[in-house]
Structure formats: structure tokens, C-alpha cells
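Visitor: just need the structure, nothing else, for what follows:
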Amino acid sequence: MDRETRTFAESHFKRLQRCLPSNVGPSPGRVDFIEKPDSFSYTDFFRGYLLPNVPCVFSSAFTEGWGSRKHWVTSSGKPNFDYLLQNYGDAVVPVANCGVREFNSNPKEHMPLRDYITYWKEFIQRDYSSLRGCLYLKDWHVCRDFSAKGLFTLPVYFSSDWLNEYWDALDVDDYRFIYMGPTGTWSPFHADIFRSFSWSVNICGRKKWLLFPPGQEEALRDCRGGLPYDVTAPEFWDSHQHPMLEHCNPPLEVTQEAGEMLFVPSGWHHQVHNLVIMKSCSGINFEEFYCFLKVIAERRLLLAKKIGSGELECGEGSGLGPQQVIFDIGRIAEVLASVVVNPDFQRVGTSMFSLRPEDLLQQLKDVLAAMESV
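Guide: Next comes the predicted model:
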């Protein structure tokens, strides 16, 4: 990010603060397809998609060098079961039953990957049916359980990733998942944790996304106020059960091909159907949320100390360059400022924290003031 882009971004958020809140976010008429990596910069993505909070699809050229695309897929474009068994066969993986509803999700069990692959092969041989139901391997933390070296390369567009940076610092968890399963597996209607953005790459196969902009989900609630489980089900279109449907716009529909990468913006609800797929992706209380912000803030403050005045005038560079660091500090300060005045947070005893939230906020403000004077 360069200085001009950071200034543009800060102006964007100031304009949002002056506007009245909108119930429904903007919905583009189509999803842009980004074809060539060498002609699409971090600034292009930041200004064109991240700030406006709209989705886009990156072509398979962006993931062409990934080891997972080379080793996990056969020459005919099918999952390479032999390679997966040889390298991960004993791994215990979470598996959801797509044919059983449990609240607005599916019940899960755990099994060795080799057992799931055996099920998958039999499911195909039996004309895509099984007495065990339609099983979908979901939320496998392969990067936590195995070395991720060579599997993928983090795209520069997603290098400022607060959630994974936080969990990496604690070294206990992450939000990098593998999903894989046969035709017919799917994920019910949902939005991602913290309403954060995410990105998803198809290693092989095809999948269909149904995307709804922020606020649109309110028109999808049923007469009891609940969100839908399956927006493709015939009963979903019962106007007695879903009285606000007339205010619902059709979702943006995206068919994601092998190797393509989809950016899912913040707060967008979505439902995903696998047309043959292997996918690689990304509850908390106030104390935990403050610890999350504190970890990211301290890491950005440390980076800010290393920034010289000459560096602020440099060009774009990587996603976590000097201007991105300053931008992140500004956004963290805004979030933290809203947290410390929240009545529920004020009832939390701040004496338990090694650094008082007000003191951390002042540190952030001091750094921003010093940077503006450079």
C-alpha cells in the first residue's frame, strides 16, 4: 500500500462515519474476474474490492505454482487419492453429514482420512448415494497438523490477516481450512466468523456460491426471526414462513472453477454447493476480543518503530509495507475506541489486563500522530 492509497482509505472510512447506517450493503450486478497476476496490484485489489466490500474471482493463474495443485490432483483433474493417502492417510479429520440438519448446521464426527476416502470412493461407485449419508470433510486444519510448506503461497492481497496473525502468535489455532468432498456436499447459509472477509481456492473441481451482501439476510429471516438453513429449498419460498422475501434480491451466483480464488467480502452471507470439489481456505467474549486486538496492535506498533521517514515515501511494495502498518494501526484504534466506551465492556474488570485498554489506545493514537507529522 502506498501513501495515496492509505489516504484514500482513511477518507473512505471517515465518509462512512458521517453517513446514516444502511440496512442493506451494495450489491454489484456481477462478480469481476481478475485474469492476470502481473497486471493486478495490491492497490488495485484494496481500492477496487476490499474497501468497497465487493467480491471478485481470481483466475487459476494466481495459484498456478501451488504444490497442492500439483500433487493433490491427477493429470485428469481428479483428486489424487493415492497421494493424499500416502501423506495424510492417518490424519483424523472432521466430517459433517450434509443430509442431517442440526440447528442451522450439520452434525460432525471424526475419522481417519483413509476411512473418509474409502467412503468417498464407495459413494461414487454407488451412484452418489450411501446409507451413511452425504459426508463432507470440513474445517480440517491441515496447516496446523502438518507442515504447509509448499502447499500454497499466501497471496499478497490477503497479507494483512488479523485473525490468523493472532492465532499464529498464540500458536494454538488458525483459520486455514481444507474442505473436500464428492458432488452433492454443501455448506448451509452462513457468514464467516466476526463477519470477516475470507478467500477460498478450489484445488480441483467446481463449486457454486450464492452470495448475499450485508443486510440482505434480514429479508431472509422467517416469521420467528431465524435465518434460513437452505436458500435453495422449495419451502424457503413460502411467503407465510418468510414474510420479508419480497424485499430480497436474487443472490450473486458464482461458479468457481479449478484453481480459481474467490474473495468473499466482510459480512456477506453465503451458501456453497460442491459440483465436485476440493477447497482450501480462513464465540468470543470481551476479554478474548481485547486480547485479540492487543496482539495485533502490539505487532503493528513494533513494526511502526522500525519505519523511517524515507520509507513512508516508498512505493507499493508488499501488502504489509509501511503504509499498510499505519493503516492497520488506525483501524485498530477505531475498533478499540468503540470497545472501551461499550457499557458491557466497561463492566469487565480491566485490572486483569497486563496493559489497560485506554493505555493501548493512547499508544496507538500517539504513533498515528507522530506518523502524520513526518
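Visitor: use CA for all of it now, contacts and neighbours both
Guide: Noted.
Visitor: which residues in the stretch 1-150 of the chain form strands?
Guide: 32-34, 56-58, 92-97, 108-112, 135-140 (DSSP state E, counting those that start in this stretch).
Visitor: please parse this structure into its domains.
Guide: Structural domains assigned to the chain are 26-280, 286-372, following automatic domain parsing.
Visitor: low-confidence ranges, the protein, go.
Guide: 18-26, 276-284, 309-319, 373-374 (pLDDT under 70).
Visitor: what about 80?
Guide: Scanning the chain for pLDDT under 80 picks out 16-28, 144-148, 172-173, 193-195, 276-286, 308-320, 343-344, 347-352, 372-374.
Visitor: in it, which residue is closest to the centre?
Guide: Closest to where the C-alpha atoms of the chain average out (Cα atoms, centre = their mean) is Ser198, at 1.7 Å.
Visitor: reformat the domains of the chain as CSV; add distance to Arg15.
Guide: Formatted as CSV, the domains of the chain follow (distance: least, Cα to Cα, whole Å):
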stretch, distance to Arg15
domain 26-280, 12
domain 286-372, 14
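Visitor: so which of those domains is the most surrounded?
Guide: Mean neighbours per residue, mean count of other Cα atoms under 10 Å, is largest over the domains of the chain for domain 26-280, with a mean of 17.
Visitor: residue contacts, Asp90?
Guide: Neighbour list for Asp90: Pro112, Leu113, Arg114 [criterion: Cα atoms under 8 Å, 6 or more residues apart in numbering].
Visitor: from Thr118, how far out is the residue nearest to the last one when sequence neighbours are not counted?
Guide: Spelled out, it's Arg114. Spatial nearest neighbour of Arg114, excluding adjacent residues (Cα to Cα, 6 or more residues apart in numbering): Gly89 at 4.7 Å. Note on Gly89: its distance to Thr118, by Cα to Cα, to the nearest Å, is 11 Å.
Visitor: circling back: nearest to Trp209, of the strands of the stretch 1-150 of the chain?
Guide: Minimum separation from Trp209 across those (Cα to Cα) falls at strand 56-58, 11.4 Å.
Visitor: rebuild the strands of the stretch 1-150 of the chain as JSON lines, extending it with distance to Ala258.
Guide: Listed next are the strands of the stretch 1-150 of the chain as JSON lines, based on distance: least, Cα to Cα, whole Å:
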{"stretch": "strand 32-34", "distance to Ala258": "14"}
{"stretch": "strand 56-58", "distance to Ala258": "11"}
{"stretch": "strand 92-97", "distance to Ala258": "22"}
{"stretch": "strand 108-112", "distance to Ala258": "26"}
{"stretch": "strand 135-140", "distance to Ala258": "18"}
